[in-house]
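Engineer: sharing a sequence plus its predicted fold:
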Amino acid sequence: MTQKICVTGATGFIGNGVCNYLDNLGYEVIRISRDEKTGYSAVGNIDNKTNWKSVLIGSECVVHLAARAHILHEQSLDPREAFFKVNVEGTLNLARQAVNAGVKRFVFISSIGVNGETTTNQPFTEKSNVHPQSLYALSKLEAESGLRKIEKESGLEVVIIRPPLVYAANAPGNFQRLMKLVSLNVPLPFGRLNNQRSFVALDNLTDFIAACIHHPAAGGETFLISDSQPVSTTELIRLLSEGMEKKVTLFPFPGSIIWLGARLIGKKKIYQQLYGSLVIDITKAGNLLGWLPPVAFDEALKKAASAFHHAKEDGKS
């Protein structure tokens with residue numbers, strides 16, 4: 001019998017990739033969205049009152065991706081309440097209803113932000129202290145804690161995955177902005193940076209999620225996941241430019257001046273992402289599940305940049 005998997009947030013960048021990957025593996029995928037769309041099961045807004053019963057019937061596993069993520073221009077009068085309503089109360093309501101529906105495993109996509117935003121001498125591991133520095137990350141941590149309580153009370157197998165920035169040609173947010181910047185062929189002040197940052201290709205993340213669905217040892221575990229190795233911002237931009245078949249000029253520029261400018265315009269987070277380090281150790285995934293990223297990071301970055309470039313060029317024609 002084909003295993004039935006429910007995927008929330010199925011219309012999103014990651015959710016769509018996960019659904020397509022699971023489809024190709026032969027799973028019966030229930031694509032869940034908030035709004036009515038052809039091919040999707042709509043549940044409306046996600047909170048502690050959402051009714052999930054119809055989509056959960058007969059499901060073996062839930063992959064929960066739907067969340068209130070980083071908001072560029074916050075409109076809510078109470079951002080904390082808004083984040084917790086969706087990311088904590090909504091998640092735990094889904095988990096409880098999953099238990100009642102007989103779901104065996106719940107794969108929760110959290111965030112490396114639960115551990116923090118930067119590393120110094122040591123990479124983050126599953127044993128690292130948690131240090132969320134945003135409402136989004138704090139809400140993910142609260143959801144993790146609540147899921148572990150439900151797991152203990154019910155026997156639901158909870159798998160928690162904390163990825164860093166996820167990228168592909170159609171990635172939204174800062175990665176999209178960086179690719180656009182590289183595509184402009186203008187000199188950039190990122191020469192000779194020795195920072196190190198972990199990213200994860202969408203192809204690698206979807207493969208790992210699939211492993212967490214079926215591997216018996218994944219239940220009850222938390223995993224930090226990324227590509228096989230970190231990369232400096234200088235090397236990242238070089239690889240993106242190679243993928244776009246462009247020659248980019250990088251020049252060194254004092255980070256202290258960039259930091260001051262970022263503070264003045266309220267862009268400290270972007271500065272941290274470009275100049276700071278955030279390194280993840282994925283040893284546990286290899287030791288426990290025998291998993292290694294199937295796509296090399298340099299290959300994945302070039303592939304993303306090439307697809308972005310060609311899509312942009314096609315858009316001009």
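Structural biologist: Happy to help now that I have it. Bear in mind the structure is a predicted one, so any value in this text is a computation, not a measurement.
Engineer: which parts of the stretch 201-317 of the chain are helices?
Structural biologist: Secondary structure of the stretch 201-317 of the chain by DSSP state H, counting those that start in this stretch: the helices cover 202-214, 233-243, 255-264, 268-275, 283-289, 297-316.
Engineer: report the distance from the last one to the chain centre.
Structural biologist: Helix 297-316 sits 20 Å away from the centroid of its parent chain (Cα atoms, centre = their mean, to the nearest Å).
Engineer: quick one on the thing from earlier: would you mind saying which of the helices of the stretch 201-317 of the chain lies nearest residue 50?
Structural biologist: In terms of Cβ to Cβ, the element of the helices of the stretch 201-317 of the chain nearest to residue 50 is helix 202-214, at 22.0 Å. The way it works is simple: take the backbone N, C-alpha and C, and place the C-beta from them, glycine included.
Engineer: elements contacting that closest one?
Structural biologist: helix 13-25, strand 61-64, strand 105-109, strand 157-162, strand 166-167, helix 283-289 (3 or more Cβ pairs under 8 Å, 6 or more residues apart in numbering; DSSP states H and E).
Engineer: run me through the strand neighbours of the third one, direction for each.
Structural biologist: If you go by DSSP bridges, strand 105-109 pairs up with strand 61-64 (parallel), strand 157-162 (parallel).
Engineer: what do you get for the fifth one?
Structural biologist: Strand pairing for strand 166-167, using DSSP bridges, gives strand 200-201 (parallel).
Engineer: which residues does residue 90 contact?
Structural biologist: 46, 47, 48, 50, 66 (Cβ atoms under 8 Å, 6 or more residues apart in numbering).
Engineer: state the distance from the second one to residue 56.
Structural biologist: To residue 56, residue 47 is 17 Å away according to Cβ to Cβ, to the nearest Å.
Engineer: same question for the third one.
Structural biologist: For residue 48, the distance to residue 56 (Cβ to Cβ) stands at 16 Å.
Engineer: out of those two, which sits in the busier spot?
Structural biologist: residue 56 (21 against 14; other Cβ atoms under 10 Å).
Engineer: quick check: closest non-adjacent residue to residue 151.
Structural biologist: residue 158 (4.4 Å; Cβ to Cβ, 6 or more residues apart in numbering).
Engineer: how many residues are close by the one you found?
Structural biologist: Neighbours around residue 158, by other Cβ under 10 Å: 25.
Engineer: that one against residue 148, yeah?
Structural biologist: Yes. Under the criterion of Cβ atoms under 8 Å, residue 158 makes contact with residue 148 at 6.5 Å.
Engineer: where do the contact lists of those two overlap?
Structural biologist: Overlap of the contact sets of residue 158 and residue 148 (by Cβ under 8 Å, 6+ apart) is empty.
Engineer: so where is the protein shaky, pLDDT-wise?
Structural biologist: Within the chain, the ranges that satisfy pLDDT under 70 run 1, 70-77, 253-268, 270-271, 315-317.
Engineer: got the contact list for residue 296?
Structural biologist: 227, 228.
Engineer: for it, give its distance to residue 13.
Structural biologist: Look at residue 296 and residue 13: by Cβ to Cβ, they are 21 Å apart.
Engineer: residue 124 now?
Structural biologist: 23 Å.
Engineer: and the spatially closest residue to residue 20 that is not a sequence neighbour, how many residues sit next to it?
Structural biologist: In this structure, residue 20 finds its nearest non-sequential neighbour in residue 206, 8.0 Å apart by Cβ to Cβ, 6+ apart. If you count neighbours by other Cβ under 10 Å, residue 206 ends up with 25.
Engineer: can you pull the contacts of residue 206?
Structural biologist: Residues in contact with residue 206 (Cβ under 8 Å, 6+ apart) are 14, 17, 18, 20, 21, 22.
Engineer: wait, doesn't the fifth one sit right on residue 205?
Structural biologist: Just to be clear, that refers to residue 21. No. Using Cβ under 8 Å, residue 21 is not in contact with residue 205, being 9.4 Å away.
Engineer: so these two - more neighbours on which side?
Structural biologist: More neighbours surround residue 205 than the other of residue 21 and residue 205, with 25 against 18 (other Cβ under 10 Å).
Engineer: what sits against the more buried one?
Structural biologist: Applying Cβ under 8 Å, 6+ apart, we find residue 205 in contact with 14, 17, 161, 163, 166, 225.
Engineer: circling back: how about the helices and strands packed on helix 202-214 in CSV, adding distance to residue 115?
Structural biologist: Below are the helices and strands packed on helix 202-214 laid out as CSV (distance: least, Cβ to Cβ, whole Å):
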stretch, distance to residue 115
helix 13-25, 19
strand 61-64, 19
strand 105-109, 15
strand 157-162, 7
strand 166-167, 16
helix 283-289, 13
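Engineer: out of those, which is closest to residue 236?
Structural biologist: Closest among those, using Cβ to Cβ: strand 166-167, at 9.7 Å.
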